[in-house]
Every structure is written in structure tokens, then in C-alpha cells.
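Visitor: can you look at this prediction? I've put the sequence above it.
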Amino acid sequence: MEIYIDTSVIGGLFDDEFKLWSEKLFDEFISGEKTAVISDTTLEELSFAPGHIRNSLKKIPDNFIKYVLLNDEAEDLSYKYIKEKIVTEKSLLDARHIAIATVNKVDILVSWNFKHIVNYKLIRLYNSVNLKYGYNILEIRNPREVLNV
């Protein structure tokens, strides 16, 4: 199973509220039960984080990570989310995560961002735009919901 993770999941490893569930998800990546999908957008956001957070991805073996890029198609889709007023341009990075995961047909996107990503109303709106433009519906959940426990 391919799971796109945004920066909040990685940062969650060091947040008391999310640590347990982020660690369990990372354990499933490390064991190969799931594949972590990491975008250049996530890596760019991580470049501003402290070293211990940036280095967290090194725990996952390379053969259980899939790297994807923000290409023109995903960039265009992210601006469609903004044009459709799902989020504002201030949330462009969040829209990019959704678009990259959609274009790359990942199984699930996981995040701890409940304001702009893991939000029932917004998930429905993101997926309505996806369907409008010929994309599949994207499953969006928090890490706790996708664990094999």
C-alpha cells in the first residue's frame, strides 16, 4: 500500500499528541508493510525543519520509499482547488500535497493537518474537483486510521 505522507506526519514523531501514531506508521514503513510516498514538496518543507526532524526519513529503508515530484499536472490541479475556493492561495502547499497524491494515484494521503487536509468537508470538495477533471477520488485520513493494528 502506497501512503503519501505530508510534513505534519514527520513532525508528529516529535509532538506528544501525535507521536504514538506517527511512530506506529513509521514502524510499518520500516518493516515494509507500507510504502511511504514522499514528494519534493514535503522535502522542501522539511528543509526548514530542525535536523532531527529532517533525519527521520533516514529510518525508512530506501526500498520502502517512493519519491514523487510536483509536476505541471499536479501544479495545475493544485490551482484548480484554489480557483474552486476549497482553500486560499495561503494554503497552496496543502493543495499541492493533495494534487501530487491525486496525480500519482497513491492509495491514501495521511496528514495531521485537520484544518486544510483531513477535514470531512474539504475532502469532499477536493474529490469533487478531482472527479470534475477526470481524476480518481483520493482517500485522505490521519495516520491512526491507516495502521495495521
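Guide: Good, I have the coordinates.
Visitor: for the chain, where's the lowest mean pLDDT among helices and strands?
Guide: helix 51-54 (a mean of 92; mean pLDDT, DSSP states H and E).
Visitor: what sits up against that one?
Guide: 10-11, 13-14, 46-47 (C-beta atoms under 8 Å, 6 or more residues apart in numbering). Every residue, glycine included, has its C-beta placed from N, CA and C.
Visitor: can you check stretch 91-98 too?
Guide: Identification of contacts with stretch 91-98 by C-beta under 8 Å, 6+ apart yields 4, 6, 39, 41-42, 45, 70, 74-75, 78-79, 81-82, 86-87, 109, 111, 113, 116-117, 126, 138, 140.
Visitor: quick one: which of the contacts of helix 51-54 has the most company?
Guide: In terms of neighbours by other C-beta atoms under 10 Å, these top out with residue 10 at 22 neighbours.
Visitor: element containing that residue, please.
Guide: Assigning secondary structure by DSSP states H and E places residue 10 in helix 7-11.
Visitor: quick check on the nearest residue to residue 114 once chain neighbours are set aside: phi, psi?
Guide: Spatial nearest neighbour of residue 114, excluding adjacent residues (C-beta to C-beta, 6 or more residues apart in numbering): residue 142 at 7.6 Å. Dihedral angles of residue 142 (phi, psi; degrees, to the nearest 10) stand at phi -90, psi 160.
Visitor: what sits against residue 143?
Guide: Contact analysis of residue 143 by C-beta under 8 Å, 6+ apart lists 5, 9, 12, 18, 21-22, 24-25, 110, 112.
Visitor: repeat the analysis, applying 6 Å as the threshold.
Guide: Contact analysis of residue 143 by C-beta atoms under 6 Å, 6 or more residues apart in numbering lists 9, 21-22, 25, 110.
Visitor: what of residue 86?
Guide: By C-beta under 6 Å, 6+ apart, the residues touching residue 86 are residue 125.
Visitor: of the contacts of stretch 91-98, buried ones?
Guide: Those of these that meet the buried threshold are 4, 6, 39, 41-42, 45, 70, 74-75, 78, 81, 86-87, 109, 111, 113, 116-117, 126, 138, 140, by 16 or more other C-beta atoms under 10 Å.
Visitor: from those residues, which ones fall inside helices?
Guide: The members of these that map onto helices under DSSP state H are 41-42, 45, 74-75, 78, 81, 126.
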